[in-house]
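Trainee: using only what follows, build the 3D model:
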Amino acid sequence: MSIAIDIRHKIGALDLHAAFDIAEPGITALFGPSGSGKTTIINAIAGLLRPDHGRIVIHDRAVFDRERHINLAPRKRRVGYVFQDARLFPHLSVKANLFYGHKRSDSPLTRSACDDVIAMLGIGDLLSRRPNLLSGGEKQRVSLGRALLANPEILLLDEPLSALDQARKNEILPYLEHLRDTQHLPILYVSHAIDEVARLADQMVVMEDGKTLARGSVFDMLGRTDLGPLAGQFDTGTVLPAKVVSRDPKSIVSFLECSGQRFVVPFLGKRSGSLVRLHIRARDVMIARAAPPGISANNILPTRIMDIAGNSGDTLDITLGLGHGDGDGPPPRTLHARITAWSAARLKLAIGQDVFAVIKSVTVDGHMRQDGL
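Mentor: Residues are numbered from 1 along each chain as shown. Next comes the predicted model:
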């Protein structure tokens, strides 16, 4: 399954020019600040907006091509759309909402497959309720189920967690992870929340002022400091693949392995051999010239300074290699630390130096992957 987008559209002050493709199943985050054109793009994919120029191709089928006068109606595009506010029909039961798109689909799922989706989302006990009796998280799960039961070729999620409080977000995030890991369809996930992107996304497309700035693996993109939307004071960080090695006897912490280094994180509840991804914010990484003794931080990792980049303020972004490599293999995994320029000068930091990255366990977010990394 693949999607190719190359469109231009003028709407108000926004001059949108979006050009990117999605070649594999999984979640691609469409990331950028408010007003960068993210929702306009997915509205164009869904057929809710006709771009001024360009084309949109889903699985080798042009659903929009301005020059060839192709503009398929939304229901013919096989696109599932989950909005910020769920948009369930208030006069229908949960069951009727779920099967609304299914009944109108040209390629509906079998009833057995529908039952599997309902079970996956944990909404079987809600079928007789009306939307006004659902929590925010339940509404979003029903909205997600309605989109999936229509058997789409692509799923569009427009900031589906933005209207939820943190408790409801924590409720629905595992369902989105399960969807990513078990459903073989491309998912375009609109967000400006870096924590959601780090936890869920496989790929990223970064937008700013209507322009596509960059696209790539979430592991590579989140460490970049040269992209405006990612270079904010609290955004730059690292996403690393890791493997659970063991746990302490009292199940207080989990021990992980990544690039030959041991990481200690709060207990993940996962068995040895499980694959996870770690999100480490640059602001949570300290640098020491020597391994500090008698410190509460559990992660004291030998690294090498690979790059030092300045910001617009008085801080620096330091790229740290987690392994020195053997010259023939892949480049080492990297960490990113954000420190003051004064600290860097005080420590006399320079590219090529061997230093220690110091990270508190409680600042590391670890999340399970079911399909590898």
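Trainee: all contacts plus neighbour counts: C-alpha atoms, from now on.
Mentor: OK.
Trainee: I'd like the next helix or strand past the host helix or strand of residue 30.
Mentor: In this structure, residue 30 sits in strand 26-31 according to DSSP states H and E. The element immediately downstream of strand 26-31 (helix or strand, assigned by DSSP H and E) is helix 38-46.
Trainee: same for that following helix, what does it pack against?
Mentor: For helix 38-46, the helices and strands in contact under the criterion 3 or more C-alpha pairs under 8 Å, 6 or more residues apart in numbering; DSSP states H and E are strand 79-82, strand 154-158.
Trainee: can you count the residues close to the closest residue to residue 334 other than its chain neighbours?
Mentor: In this structure, residue 334 finds its nearest non-sequential neighbour in residue 321, 4.5 Å apart by C-alpha to C-alpha, 6 or more residues apart in numbering. The burial metric for residue 321, expressed as a neighbour count using other C-alpha atoms under 10 Å, is 24.
Trainee: quick one: residues contacting residue 321.
Mentor: Contacts here follow C-alpha atoms under 8 Å, 6 or more residues apart in numbering; on that basis residue 321 touches 303, 304, 305, 306, 332, 333, 334, 335.
Trainee: so where's the stretch 151-300 of the chain shaky on pLDDT?
Mentor: Across the stretch 151-300 of the chain, the ranges flagged by pLDDT under 70 are 228, 231-235.
Trainee: show me where it has its helices.
Mentor: Across the stretch 151-300 of the chain, reading from the start of the chain, the helices by DSSP state H, counting those that start in this stretch fall at 166-182, 194-200, 218-221.
Trainee: now those helices as JSON lines including mean neighbour count and distance to residue 30?
Mentor: Putting these into JSON lines (neighbours: other C-alpha atoms under 10 Å; distance: least, C-alpha to C-alpha, whole Å) gives the following:
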{"stretch": "helix 166-182", "mean neighbour count": "16", "distance to residue 30": "15"}
{"stretch": "helix 194-200", "mean neighbour count": "21", "distance to residue 30": "9"}
{"stretch": "helix 218-221", "mean neighbour count": "21", "distance to residue 30": "11"}
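Trainee: would you turn those into TSV with distance to residue 110?
Mentor: Output for the helices of the stretch 151-300 of the chain, formatted as TSV (distance: least, C-alpha to C-alpha, whole Å):
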stretch	distance to residue 110
helix 166-182	17
helix 194-200	28
helix 218-221	34
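Trainee: thinking again about what came up before, among the contacts of residue 321, name the buried ones.
Mentor: Using 16 or more other C-alpha atoms under 10 Å as the burial test, the contacts of residue 321 include 303, 304, 305, 306, 333, 334, 335 as buried.
Trainee: in three-state terms, label the fourth one for me.
Mentor: Same thing as residue 306. Each residue gets one of three states, and residue 306 gets strand by DSSP: H, G, I helix; E, B strand; the rest coil.
Trainee: again, but for the last one
Mentor: The local conformation at residue 335, judged by three-state DSSP, is strand.
Trainee: who does it bridge with?
Mentor: The residues paired with residue 335 through beta bridges, assigned by DSSP bridges, are residue 320.
Trainee: distance-wise, check it relative to residue 144.
Mentor: Here the distance between residue 335 and residue 144 works out to 35 Å (C-alpha to C-alpha, to the nearest Å).
Trainee: cool, the fourth one as well?
Mentor: Relative to residue 144, residue 306 is positioned 43 Å away (C-alpha to C-alpha).
Trainee: do the first one as well
Mentor: Using C-alpha to C-alpha, residue 303 is found at 43 Å from residue 144.
Trainee: check the third one too.
Mentor: The spacing between residue 305 and residue 144, counted by C-alpha to C-alpha, is 44 Å.
Trainee: and residue 49, by the same measure?
Mentor: For residue 49, the distance to residue 144 equals 21 Å [C-alpha to C-alpha].
Trainee: of those two, which one has the most company?
Mentor: Taking other C-alpha under 10 Å, residue 49 and residue 144 do not tie; residue 144 has more neighbours (27 against 15).
Trainee: which residues touch the more buried one?
Mentor: For residue 144, the contacting residues are residue 82, by C-alpha under 8 Å, 6+ apart.
Trainee: would you map the strands across the stretch 101-250 of the chain?
Mentor: Counting by DSSP state E, counting those that start in this stretch, one finds strands in the stretch 101-250 of the chain at the ranges 154-158, 186-191, 203-208, 211-217, 237-247.
Trainee: what about those strands, which gets the closest to residue 70?
Mentor: Nearest to residue 70 among those is strand 154-158 (18.8 Å), distances taken as C-alpha to C-alpha.
Trainee: for that closest one, list every residue counted as buried.
Mentor: Of the residues in strand 154-158, those with enough neighbours to count as buried (16+ other C-alpha under 10 Å) are 154, 155, 156, 157, 158.
Trainee: my guess is the second one contacts residue 83, does it?
Mentor: The reference is to residue 155. No. Look at residue 155 against residue 83 with C-alpha atoms under 8 Å: they stay out of range, at 11.0 Å.
Trainee: re the thing from before, among the buried ones among the contacts of residue 321, which one lies nearest to residue 131?
Mentor: With C-alpha to C-alpha as the yardstick, the closest approach to residue 131 among the buried ones among the contacts of residue 321 comes from residue 335, at 44.5 Å.
Trainee: from residue 145, how far out is the closest one?
Mentor: 37 Å.
Trainee: what do you get for residue 302?
Mentor: Distance from residue 302 to residue 145, counting by C-alpha to C-alpha: 46 Å.
Trainee: higher neighbour count, those two?
Mentor: Between residue 302 and residue 145, residue 145 has the larger neighbour count (other C-alpha under 10 Å), namely 27 against 20.
Trainee: residues contacting the more buried one?
Mentor: By C-alpha under 8 Å, 6+ apart, the residues touching residue 145 are 98, 117, 118, 121.
Trainee: can you name the two of the residues you listed that are farthest apart?
Mentor: Using C-alpha to C-alpha, the pair of the contacts of residue 145 lying farthest apart is 98 and 121, separated by 11.7 Å.
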